[in-house]
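S.K.: predicted structure and sequence below. I'll ask about it afterward.
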Amino acid sequence: KRVFLRRVLRSALVVVVPTDDYREIISRRYAIASERIVVIPNGTSHRVAGNAKSLSGGRDKVKLLFVGRLSVQKNLPLLLDATAAYLRKYGDAELRIVGDGAERSAVRSRIQQLGLGNSVTMLGPVRGEELEFIYDSSDIFIMTSINESFGVVFIEAMTKGLPIVSVDIPAIRNVVNHGTNGLLAESNAASIAAAIRALSTNEMLYSTISRNNLAKSQDYDPAKIAEKFMTLYDSIHIWRGAGDGCPHP
């Protein structure tokens, strides 16, 4: 990346990134002028649910969901530790893990080590309507990544009005606003478990965040994202036609 990606980025008229935080990271890491970096988020074709979710007076068992690659970056040991911490301190929970990857065996081993065999289900890769149904039938979406550039799974969760609990790291905080779209926690099991508890026991907070996510998901409609790209392409054409090799914000 230091050798080849730097050269590619520096030769581009415009570099597109999905979040404001990533704009700063790319500018600093590859010495790209920030005015040459444009922020356009990712989109999703998932259907937006018609109604916000509700706790309906609270649930005996909170249904947690993780969707993503089973990789070191996703920090699945922390996800499992947080689930175990919730079970020990607060009550019953069920975690479904959707996805596959190099850490699959390590995740299974960790589940057994923590005694979570009856509380965690690994569903493997799931797509399409089946994945949308899993989002819709969950209570809280949870992410414990070490780093992220955006997180399409967040906006997939938002389309179902699913509140989010995530670690507070760059890029994620550009998508998940604490107290509005979900709760951001420190990267430790106790903090994440406490955030899950706060959402699962506060019906007003839960319902408000669910409604906010349904509304926010409209910003990530594929047609709107495509329009942003078309506007950018048209602008580049104008800049090049004017002999200006550098875009202006």
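M.R.: Received it, and whenever you're ready, just let me know what you need.

S.K.: please name every helix or strand in contact with the longest helix seen in the chain.
M.R.: Determined from DSSP state H, the single longest helix within the chain is helix 222-241. If you count contacts as 3 or more CB pairs under 8 Å, 6 or more residues apart in numbering; DSSP states H and E, helix 222-241 packs onto no helix or strand. Where C-beta positions appear, they are placed from N, C-alpha and C, glycine not excepted.

S.K.: quick one: it to chain centroid distance?
M.R.: 26 Å (CA atoms, centre = their mean, to the nearest Å).

S.K.: residue boundaries of the strands in the chain?
M.R.: Taking DSSP state E, the strands of the chain run over residues 15-17, 37-39, 61-67, 92-98, 120-124, 140-143, 164-167, 182-185.

S.K.: parallel or antiparallel, list what pairs with the fifth one.
M.R.: Within its sheet, and counting by DSSP bridges, strand 120-124 is paired with strand 92-98 (parallel).

S.K.: show me the contact partners of the partner strand.
M.R.: For strand 92-98, contacts defined as CB atoms under 8 Å, 6 or more residues apart in numbering pick out 60-68, 70, 76, 79-80, 83, 86-87, 107, 116, 119-126, 131, 134, 138, 142, 196.

S.K.: next, the angle strand 61-67 makes with that strand.
M.R.: 20 degrees (axes from the mean of the first three to the mean of the last three CA atoms, to 10 degrees).

S.K.: which regions of the chain sit below the pLDDT cut-off?
M.R.: Along the chain, the model assigns pLDDT under 70 to residues 56-59, 238-249.

S.K.: same thing but at 80, please
M.R.: 1-2, 55-60, 237-249 (pLDDT under 80).

S.K.: residue 62 bridge partners, please.
M.R.: Going by DSSP bridges, residue 62 forms beta bridges with residue 93.

S.K.: distance of it relative to residue 96?
M.R.: The gap separating residue 62 from residue 96 is 12 Å, by CB to CB, to the nearest Å.

S.K.: so these two - more neighbours on which side?
M.R.: More crowded of residue 62 and residue 96, by other CB atoms under 10 Å: residue 62, with 22 against 17.

S.K.: would you agree residue 199 is in contact with residue 209?
M.R.: Yes. Under the criterion of CB atoms under 8 Å, residue 199 makes contact with residue 209 at 7.3 Å.

S.K.: any residues in contact with both of the two?
M.R.: In contact with both residue 199 and residue 209: 163, 182, using CB under 8 Å, 6+ apart.

S.K.: so for those two, which sits in the more crowded spot?
M.R.: The neighbour comparison of residue 199 against residue 209 (other CB under 10 Å) goes to residue 209, with 28 against 21.

S.K.: burial count for the residue nearest to that one when sequence neighbours are not counted?
M.R.: Nearest residue to residue 209, sequence neighbours excluded (CB to CB, 6 or more residues apart in numbering): residue 163, at 4.4 Å. Per other CB under 10 Å, the neighbour tally for residue 163 reads 30.

S.K.: what's near enough to touch residue 163?
M.R.: Residue 163 neighbours (CB under 8 Å, 6+ apart): 53, 139-141, 181-183, 199, 206, 209-210, 213.

S.K.: so which of the residues you listed comes closest to residue 192?
M.R.: Distance ranking of these against residue 192, using CB to CB, places residue 183 first at 9.2 Å.

S.K.: the closest one touches residue 195, doesn't it?
M.R.: Yes. Using CB under 8 Å, residue 183 is in contact with residue 195, at 4.2 Å.

S.K.: okay, and the common contacts of those two?
M.R.: When CB under 8 Å, 6+ apart defines a contact, the residues bordering residue 183 and residue 195 alike are residue 165.

S.K.: so those two - more neighbours on which side?
M.R.: residue 195 (26 against 23).

S.K.: tell me the contacts of that one?
M.R.: Counting by CB under 8 Å, 6+ apart, residue 195 makes contact with 165, 183-185.
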